[in-house]
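Asker: predicted structure and sequence below. I'll ask about it afterward.
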Amino acid sequence: MLKRRAKISPNFSMASMTDLIFLLLIFFMITSTMVSPNAIKVLLPQGKQQTSAKPLTRVIIDKNLNYYAAFGNDKEQSLTLEELTPFLQSCAEKEPEMYIALYADETVPYREIVKVLNIANENKFKMVLATRPPEN
């Protein structure tokens, strides 16, 4: 009769599992803090309250009143005001719960901002105005 010399332990070691979870935690923390940089330079107005909503779509109006828009991490594309509504509607079809962040240079006249706000209001889009933190 053959006897088994080494006894197999039924215990499960959790050491490698905790290492794996720790690495995943670090990975998700790093990827969630990555911010998509804006290629178009806009000097945002100052505001004490910074938005905590995660905008998925960006609408940018530069100081020369050029309109740009981008969905998610896509590159900003130049649009006219007439092309903005269909673009935002197509983004809303992809992501119904999206927020639109409006990045308007502080020199942009208020009427231009109101035009974009009206588009958002007519289509029931959630819109936030991007500001920069106050300088101390």
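Answerer: Yep, it's here.
Asker: count of neighbours near Y103?
Answerer: 21 (other C-beta atoms under 10 Å). In short, each C-beta sits where N, CA and C put it, glycine included.
Asker: make sure it is indeed in a helix.
Answerer: No: assigned with DSSP: H, G, I helix; E, B strand; the rest coil, Y103 falls outside any helix and is strand.
Asker: any idea how far it is from P10?
Answerer: Distance, Y103 to P10, using C-beta to C-beta, to the nearest Å: 59 Å.
Asker: mind checking what helix or strand follows the longest helix along the chain in sequence?
Answerer: If you go by DSSP state H, the chain has its longest helix at helix 15-33. Following helix 15-33 in sequence order, the next helix or strand is strand 57-61 (DSSP states H and E).
Asker: which strands or helices does that following strand pack on?
Answerer: Counting by 3 or more C-beta pairs under 8 Å, 6 or more residues apart in numbering; DSSP states H and E, the packing neighbours recorded for strand 57-61 are strand 67-71, helix 81-94, strand 99-104, helix 110-122.
Asker: for L129, which of these is the nearest?
Answerer: Distance to L129, taken as C-beta to C-beta, is lowest for strand 99-104 among these, at 5.3 Å.
Asker: tell me how many other residues crowd the residue nearest to K63 when sequence neighbours are not counted.
Answerer: Excluding the flanking residues, the one nearest K63 by C-beta to C-beta, 6 or more residues apart in numbering is D105, at 4.3 Å. For D105, the neighbour count with other C-beta under 10 Å is 19.
Asker: also the one 10 residues further on?
Answerer: The burial metric for K115, expressed as a neighbour count using other C-beta under 10 Å, is 14.
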